[in-house]
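A.B. asks: The sequence and its predicted three-dimensional model are supplied below.
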Number of protein chains: 4
Amino acid sequence: MDKESILHLLQRAREVRENAYAPYSKFRVGAALLTTDGKIFTGCNVENLAYGSATCAERTGICKAVSEGSRTFSACLITSDLEDWIYPCGNCRQTLAEFGDMTLILTKNEGDETKIMKLSDIHGGCFATMNELLNKE
Amino acid sequence: MDKESILHLLQRAREVRENAYAPYSKFRVGAALLTTDGKIFTGCNVENLAYGSATCAERTGICKAVSEGSRTFSACLITSDLEDWIYPCGNCRQTLAEFGDMTLILTKNEGDETKIMKLSDIHGGCFATMNELLNKE
Amino acid sequence: MDKESILHLLQRAREVRENAYAPYSKFRVGAALLTTDGKIFTGCNVENLAYGSATCAERTGICKAVSEGSRTFSACLITSDLEDWIYPCGNCRQTLAEFGDMTLILTKNEGDETKIMKLSDIHGGCFATMNELLNKE
Amino acid sequence: MDKESILHLLQRAREVRENAYAPYSKFRVGAALLTTDGKIFTGCNVENLAYGSATCAERTGICKAVSEGSRTFSACLITSDLEDWIYPCGNCRQTLAEFGDMTLILTKNEGDETKIMKLSDIHGGCFATMNELLNKE
Ligand SMILES: [Zn+2]
Ligand SMILES: [Zn+2]
Ligand SMILES: [Zn+2]
Ligand SMILES: [Zn+2]
């Protein structure tokens, strides 16, 4: 990806972060997903008094995309209030992985420095055989 | 709510149901949320090979709305492939309740018959005091 | 249920609450489940840095029971650090409901006052038809 | 870990797998966690009609351990009905990671072949800085 595309995703992720509903953690996250046909879907975290019912920014973005007919992604950029790099949580890695390996673009609260990797770099191992088994039964 | 508004929500929920990603349950659900200022946000279910990482239609809709700046809802209509009424699951009731009590409009796979109730009618009891405690600490 | 049995459940729930892992909310919860054959299983909340990966006390208790071969319950008592009544969250209501309607015994942080109801009183509506549909396909 | 200890964990994981409640996926999983002081806690998957409310074997085991006062683990062995290796899902990786890096022992449905790695090998990246931020606020 070229620098300009990344900066555009970063801008979109920072914009949607403003809508984060995070009264419990006070920790706002924004994500911007790029589909293989060039659409962008954004998401923020949506927390809940029952902590376990919280939804992260990445899952919000994925579900939004799927609900609007997009299922193939080339990249997911994540930004947060952290001074340090923000990584997706395990539940989000699992959710993203359902739709294939993609590029992750991690950022910090400030600046436009990025850390780029494949989802499979931080969510290794193959879950696919379960799929075969499940479909068999 | 007038009949016409309900039928419009139902149409939107049936449209988004087409985008449901439900390869494991084969059970598609669509939801349409009406905000207090008249906007509509829709969602479908997005399943996962790891069943516990599935997101329901109602949560997809709520997270989409919040991520686009809407947090006050007057109604949530739900439709599915069921011949019978579809109810929101407990996790979705919890997620909806975070944003206040609202009208639930349940439907069946076919026809435009509805069952209307308040969220609090099927998600009783008060969770609000936890909020106070959490904010105190 | 007689008073003595309830007080015993309450004691067990308060004991397990001591093991709660709640560094984020600082809000400890304990649950004690009574099976139809008189066994007691207890659980506490287990939080996570990724809020959405938190498990509540009631779910800990249910999963423990199932993993040890028990699936039929007569009651679930819940206690917490709240001065007021603690109710199960929607996700836990859903998890408990999978194993049938049961008695809920709500308590406060101090004292042995209880509020007793059926799970279905606060988790209304019928989810069972989904089951039929799913099993058909 | 010596071969004998691993075989003992495997036996315990296969035993608890018998208690799996998996009417929807028909896919049973068992996990056995070894604490640093030599205790073993086991768990199976506990599914739900609302797929997203399912709990995996590993999380059942972790929550059981924490609720009984154990929070430091040296290994987690996982077994399933799969002919191939079973990996923990992302949500479980996140839950395990909360209690530190540990050894994962993957197995197959039959035989006593194992694949051994660190949790961090398949759940890379650092989430710890969020912790600092959260604790600051
Ligand atoms: Zn996440
Ligand atoms: Zn739901
Ligand atoms: Zn709960
Ligand atoms: Zn899992």
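C.D. replies: All right, it came through fine. Numbering: from 1, shown residues only, chains lettered A, B, ... in the order given. Ligands and ions are numbered 1, 2, ... in the order given.
A.B. asks: Give me the distance between A:Gly100 and D:Gly100.
C.D. replies: 31 Å (CB to CB, to the nearest Å). Where C-beta positions appear, they are placed from N, C-alpha and C, glycine not excepted.
A.B. asks: Then A:Glu83?
C.D. replies: Taken as CB to CB, the span from A:Glu83 to D:Gly100 is 24 Å.
A.B. asks: A:Arg12 now?
C.D. replies: 36 Å.
A.B. asks: ok, the lengthiest helix in chain A near chain B or not?
C.D. replies: Ranked by number of residues, the top helix in chain A under DSSP state H is helix A:3-17. Yes - Helix A:3-17 comes into contact with chain B (CB under 8 Å from any CB of the partner chain), by way of A:Val16.
A.B. asks: Can you pull out the residues in contact with that helix?
C.D. replies: Outside helix A:3-17, the residues within contact range by CB atoms under 8 Å, 6 or more residues apart in numbering or on different chains are A:28-32, A:34, A:40, A:42-44, A:57, A:75, A:77-81, A:105, A:107, A:112, A:114, B:67.
A.B. asks: pLDDT at A:Met1, what is it?
C.D. replies: Note for A:Met1: predicted pLDDT of 87.
A.B. asks: For chain A, just list every one of the helices.
C.D. replies: For chain A, applying DSSP H gives helices covering A:3-17, A:57-67, A:90-97, A:119-122, A:128-136.
A.B. asks: okay, these, which one's buried deepest?
C.D. replies: Per-stretch averages of neighbours, counted by mean count of other CB atoms under 10 Å in any protein chain shown, single out helix A:57-67 among the helices of chain A, with a mean of 28.
A.B. asks: and that one, anywhere near chain D?
C.D. replies: No - figure legend: helix A:57-67 not in contact with chain D (CB under 8 Å from any CB); closest approach 10.8 Å.
A.B. asks: Whichever of the contacts of helix A:3-17 end up buried, select them in PyMOL.
C.D. replies: Buried subset of the contacts of helix A:3-17, written as a PyMOL selection, criterion 16 or more other CB atoms under 10 Å in any protein chain shown:
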select buried, (chain A and resi 28+29+30+31+32+34+40+42+43+44+57+75+77+78+79+80+81+105+107+114) or (chain B and resi 67)
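A.B. asks: What about the contacts of helix A:3-17, which are in strands?
C.D. replies: Of the positions in the contacts of helix A:3-17, A:29-32, A:34, A:40, A:42-44, A:75, A:77-80, A:105, A:107, A:114 sit in strands, assigned by DSSP state E.
A.B. asks: How about chain A: which residue is closest to ligand 2?
C.D. replies: Residue of chain A nearest ligand 2, by CB to the ion: A:Ser53 (10.1 Å).
A.B. asks: Ignoring the adjacent residues along the chain, who's closest to the most centrally placed residue in chain A?
C.D. replies: By CA atoms, centre = their mean, chain A has its centre lying nearest to A:Glu58, at 3.0 Å. Nearest non-adjacent residue to A:Glu58, counting by CB to CB, 6 or more residues apart in numbering or on different chains: A:Cys92, 4.0 Å away.
A.B. asks: Now do that neighbour against B:Leu33, distance only.
C.D. replies: A:Cys92 sits at a distance of 23 Å from B:Leu33 (criterion: CB to CB).
A.B. asks: For stretch A:46-57, measure first residue to last.
C.D. replies: The stretch stretch A:46-57 measures 7 Å between its terminal residues, going by CA to CA, to the nearest Å.
A.B. asks: residues of that stretch that come out buried?
C.D. replies: Quick answer for stretch A:46-57 (16+ other CB under 10 Å): A:46-57.
A.B. asks: near ligand 1 at all, it?
C.D. replies: Yes - with CB under 5 Å from the ion as the criterion, ligand 1 is reached by stretch A:46-57 at A:Cys56.
A.B. asks: Any part of that stretch near chain C?
C.D. replies: Yes - Stretch A:46-57 reaches chain C (CB under 8 Å from any CB) through A:47, A:49-56.
A.B. asks: again with stretch A:112-130
C.D. replies: No - using CB under 8 Å from any CB, stretch A:112-130 stays clear of chain C, coming no nearer than 13.7 Å.
A.B. asks: Could you give the average pLDDT over that stretch?
C.D. replies: Per-residue pLDDT over stretch A:112-130 has a mean of 82.
A.B. asks: Tell me which residues are up against it.
C.D. replies: Stretch A:112-130 has contacts (CB under 8 Å, 6+ apart) with A:6-7, A:10, A:76-77, A:85, A:87-88, A:90, A:93-94, A:96-97, A:101-107, B:49-50, D:27, D:80, D:82-87, D:89-90, D:93, D:121-125.
A.B. asks: Can you pull out the low-pLDDT segments for chain A?
C.D. replies: Residue ranges of chain A with pLDDT under 70: A:126-137.
A.B. asks: tell me which parts of it are close to chain B?
C.D. replies: A:16, A:19, A:21, A:24, A:42-44, A:46-50, A:53, A:55, A:59-64, A:66-69, A:71, A:91, A:94-95, A:98, A:127, A:130-131, A:134.
A.B. asks: swap the cut-off to 6 Å and go again
C.D. replies: A:16, A:19, A:21, A:43-44, A:46, A:48-50, A:53, A:55, A:60, A:63-64, A:66-67, A:69, A:91, A:94-95, A:98, A:127, A:130-131 (CB under 6 Å from any CB of the partner chain).
A.B. asks: quick one: contacts for A:Val83?
C.D. replies: Just to correct that, residue A:83 is Glu rather than Val. When contacts are counted by CB atoms under 6 Å, 6 or more residues apart in numbering or on different chains, A:Glu83 touches A:Asn109.
A.B. asks: Against D:Glu68, how distant is it?
C.D. replies: Distance of A:Glu83 to D:Glu68, computed by CB to CB: 37 Å.
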